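1. Show me how the following folds:
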Amino acid sequence: MKNLSCACLLLAAFVGGQAWAGELPHLVQTGQATQLIVDGAPFIALGGELHNSSPSNPAYMAPIWDRLAKHHLNTVIGAASWELVEPQEGTYDFTAVDDQIKQAKAHGMRLVMIWFGAYKNAESTYAPSWVRRDVARFPRVQRNPARADGGPGLNAPILSVFSEALAEADAKAFAAMMAHIKKIDPAQTVILVQVENEVGMMGNSRDHSALAEAAWAKPVPAELIAYLRSHRSALRPELLETWGRQAFRESGTWAEVFGTDASADEIFMAWAFGRYVERVAKAGAAEYALPMYANAWLGPQPDYKKPGDYPSGGPVARMMDLWKAAAPTLVLLAPDIYVDDFAGTLADFRRADNPIFVPEARIDTANLFTTLGDYKAIGFSPFGIEDGGDNEELFQAYQLLGEMTPLIAAAQREDRIRAIKVTGANQQITLGGYALTFTPQGGTLGAFGQGTGKAAEARSAIHGLVLQQGPDEFLILGKGFRVDFSAAGATVEIDSAQEGVFKKAQWVGGRVMNGDERYGLFPNDSLRIVRIKLLRR
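-> Numbers count the residues shown, from 1 in each chain. Model (predicted):
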């Protein structure tokens with residue numbers, strides 16, 4: 001097994017007056033998956049991210065915690081903002097941090113903590129007033145009027161990522177928070193930390209401040225050149241193309257090695273932001289080495305076509321090589337997904353050194369199943385989760401999946417799990433030597449198992465997960481479809497089918513499905529789990 005975090009050692013310490021010994025949360029590559037290990041076992045975050053301002057006030061959050069627990073979340077993504085943590089330089093206030101940890105623990109949930117430091121959505125609105133007021137000490141970005149791209153961020157405060165003073169202050173505050181979390185959270189309620197939020201440069205493809213121009217004129221760092229040289233055969237095509245236009249130069253200024261267009265600017269900014277985030281993350285990890293990651297505002301995409309329309313230099317898939325070289329403390333780079341091509345985005349971010357975690361997305365059960373089943377993710381977390389109503393299907397899925405995490409984790413490791421999502425006439429999945437064909441069922445269960453719903457409604461609800469549990473046995477969770485099995489050179493029939501649920505990873509069987517119901521095991525009314533055994537002859 002390959003450990004992907006520096007947080008894997010057995011620790012024994014006195015924390016907040018309490019003696020404890022245990023393994024910190026960490027990522028481990030095992031089998032076909034990389035998994036988050038919490039309390040010594042694989043953990044899959046069935047979570048949700050709070051609205052940005054919600055965790056700033058404990059009183060506002062008080063009634064929300066009960067709803068989140070009622071909705072079967074096992075993880076909440078909260079936030080700590082630099083402006084609240086350090087309202088005056090050197091004076092710290094962890095009231096909101098403490099409350100989130102206390103409430104998550106009391107409600108039986110884990111916590112992912114976002115650090116809203118100098119950058120949040122490519123702006124600096126969460127930096128303390130004492131930082132934003134001191135423009136001489138903490139300079140702002142400068143845009144090139146000849147290349148002003150318009151768009152978001154033009155009138156927002158944006159601090160220059162090339163400021164040494166800013167990096168030092170941000171890292172110091174983050175380290176203080178991590179030391180505080182270590183002190184007050186011996187139970188390891190906090191399992192992951194996001195460093196900054198959707199960093200990058202808006203309105204231009206690069207910063208043109210005096211500090212930035214000085215950096216642009218310097219030689220490309222030797223460590224970056226070494227990384228590009230050693231990884232050349234596996235570099236992203238966009239990076240390879242930009243570097244190749246300059247004949248793959250291995251020395252020179254940024255313009256000499258990469259050129260002077262927007263693609264070169266994005267590479268320059270990606271290195272700068274990656275090194276900045278690395279400095280902050282490394283300072284925090286020195287105090288408390290929880291696994292840390294950065295998230296990405298996606299680009300290019302239809303509404304954000306070029307660097308500067310989306311945050312130039314952020315950890316988007318096309319800049320992943322730059323970020324992997326610049327920020328080795330981070331265990332992963334995570335996409336915030338609000339585009340329709342959800343699976344395509346995950347495919348773009350999936351690579352051997354980048355396990356999948358979705359910290360922001362729409363509330364969508366089908367995307368949850370895609371994330372866990374096809375991309376072996378460590379977690380899924382829609383944004384604005386407190387807005388979800390009691391009847392959200394996602395929360396029913398969380399309830400069912402939360403009781404079978406060990407089975408899902410094992411299936412991910414052994415590549416025995418797939419997502420079901422029928423968008424056309426049918427979907428075929430090959431698993432365990434069988435071909436599984438899923439066709440729309442639709443509606444509630446009518447006579448002889450025939451669906452009674454409309455075709456369009458049926459297709460919108462056809463989703464689920466399938467796990468192979470044995471040579472001739474499958475667990476299927478889902479709704480809105482009929483499943484048929486076949487195998488080359490054999491006749492296949494369903495030997496037995498039983499609906500049920502899991503309780504603490506143990507099967508609790510319900511009805512044995514036969515007769516008319518055998519033809520409609522997964523109607524469109526509600527998610528259900530069916531355990532199917534096959535007879536092959």
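2. in the sheet, who's paired with V358?
-> Note on V358: beta-bridge partners F380, judged by DSSP bridges.
3. which residues does it contact?
-> Residues counted as contacts of V358 (C-beta atoms under 8 Å, 6 or more residues apart in numbering) are 334-337, 346, 367, 371, 377, 379-381. The way it works is simple: take the backbone N, C-alpha and C, and place the C-beta from them, glycine included.
4. From the rest of the structure, what touches the helix or strand in which D484 is found?
-> In the assignment (DSSP states H and E), D484 maps to strand 481-486. Under the criterion C-beta under 8 Å, 6+ apart, residues 420, 422, 434-441, 449, 462, 464, 476, 492, 494, 519-522, 532, 534 lie in contact with strand 481-486.
5. before we move on, what about stretch 51-61?
-> 50, 64, 78-81, 84, 95-96, 99-100, 103, 116, 120, 383-384, 386-387.
6. Next secondary structure after the strand holding D484?
-> Downstream of strand 481-486, the first helix or strand assigned by DSSP H and E is strand 492-503.
7. Taking their axis directions, the helix or strand following that following strand and strand 492-503 sit at what angle?
-> As assigned by DSSP H and E, the chain's next helix or strand after strand 492-503 is strand 506-512. Angle of strand 506-512 versus strand 492-503, following axes from the mean of the first three to the mean of the last three C-alpha atoms, to 10 degrees, is 130 degrees.
8. Summarise which helices and strands strand 506-512 is packed against.
-> strand 492-503 (3 or more C-beta pairs under 8 Å, 6 or more residues apart in numbering; DSSP states H and E).
9. Let's see which of the contacts of V358 end up in helices.
-> Among those, the members falling in helices (DSSP state H) are 346, 367, 371.
10. Name the nearest residue to the first one, ignoring sequence neighbours.
-> It stands for L346. Distances taken as C-beta to C-beta, 6 or more residues apart in numbering place Y375 nearest to L346, at 4.7 Å, with adjacent residues excluded.
11. Quick check: that neighbour vs P355, distance?
-> Using C-beta to C-beta, to the nearest Å, one obtains 9 Å as the distance from Y375 to P355.
12. quick one: which of the two has more around it?
-> Neighbour totals were compared for Y375 and P355, and P355 leads with 26 against 21 (other C-beta atoms under 10 Å).
13. Neighbours of the closest residue to the more buried one other than its chain neighbours, how many?
-> Among residues not flanking P355 along the chain, T34 sits closest, at 3.7 Å (C-beta to C-beta, 6+ apart). The number of residues packed near T34 is 25, by other C-beta under 10 Å.
14. as a whole number, average confidence for stretch 210-221?
-> In this model, stretch 210-221 carries a mean pLDDT of 98.
15. Endpoint to endpoint, it covers what distance?
-> Counting by C-alpha to C-alpha, to the nearest Å, you get 19 Å between the two ends of stretch 210-221.
16. Going by neighbour count, list what's buried in it.
-> The neighbour-count check on stretch 210-221 (16 or more other C-beta atoms under 10 Å) flags 211-212, 215-216, 220 as buried.
17. May I see these organised as CSV, with distance to E198 and secondary structure added?
-> Output for the buried residues of stretch 210-221, formatted as CSV (distance: C-beta to C-beta, whole Å; DSSP: H, G, I helix; E, B strand; the rest coil):
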residue, distance to E198, secondary structure
L211, 22, helix
A212, 20, helix
A215, 22, helix
W216, 23, helix
V220, 25, coil
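18. Just give me the closest of those residues to W297.
-> Sorting the buried residues of stretch 210-221 by distance to W297 puts A212 at the head of the list, at 20.2 Å, by C-beta to C-beta.
19. L475: what secondary structure?
-> Three-state call for L475 (DSSP: H, G, I helix; E, B strand; the rest coil): strand.
20. Let me know whether it touches Q469 as I believe.
-> Yes - the criterion here is C-beta atoms under 8 Å, and L475 meets it with Q469 at 5.4 Å.
21. what touches both of these two?
-> When contacts are counted by C-beta under 8 Å, 6+ apart, L475 and Q469 have 407, 531 as shared neighbours.
22. quick one, which of those two is more surrounded?
-> Applying other C-beta under 10 Å to L475 and Q469 shows that L475 carries more neighbours, namely 23 against 18.
23. Helices of the stretch 51-200 of the chain, start to end?
-> Under the criterion DSSP state H, counting those that start in this stretch, the stretch 51-200 of the chain contains helices at 58-70, 82-85, 95-106, 129-133, 164-184.
24. counting contacts, what elements does the third one pack onto?
-> Just to be clear, that refers to helix 95-106. Right, helix 95-106 is packed against helix 58-70, strand 75-81, helix 82-85, strand 110-120, helix 164-184 by 3+ C-beta pairs under 8 Å, 6+ apart.
25. Just the buried residues of that helix, please?
-> So, applying 16+ other C-beta under 10 Å, buried residues of helix 95-106: 96-97, 99-101, 103-105.
26. Rebuild the residues you listed as TSV, extending it with distance to V195.
-> Output for these, formatted as TSV (distance: C-beta to C-beta, whole Å):
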residue	distance to V195
A96	18
V97	15
D99	21
Q100	17
I101	18
Q103	23
A104	19
K105	23
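27. which among the residues you listed gets closest to P42?
-> Out of those, the member with the shortest distance to P42 (by C-beta to C-beta) is A104, at 19.7 Å.
28. how close does the closest one sit to L68?
-> 9 Å.
29. what touches both of the two?
-> In contact with both A104 and L68: V76, using C-beta under 8 Å, 6+ apart.
30. With mean pLDDT and distance to S230 as added columns, please give the helices of the stretch 51-200 of the chain in a markdown table.
-> Shown next, in a markdown table, are the helices of the stretch 51-200 of the chain (pLDDT from 0 to 100; distance: least, C-beta to C-beta, whole Å):
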| stretch | mean pLDDT | distance to S230 |
| --- | --- | --- |
| helix 58-70 | 98 | 45 |
| helix 82-85 | 98 | 36 |
| helix 95-106 | 98 | 40 |
| helix 129-133 | 98 | 38 |
| helix 164-184 | 98 | 27 |
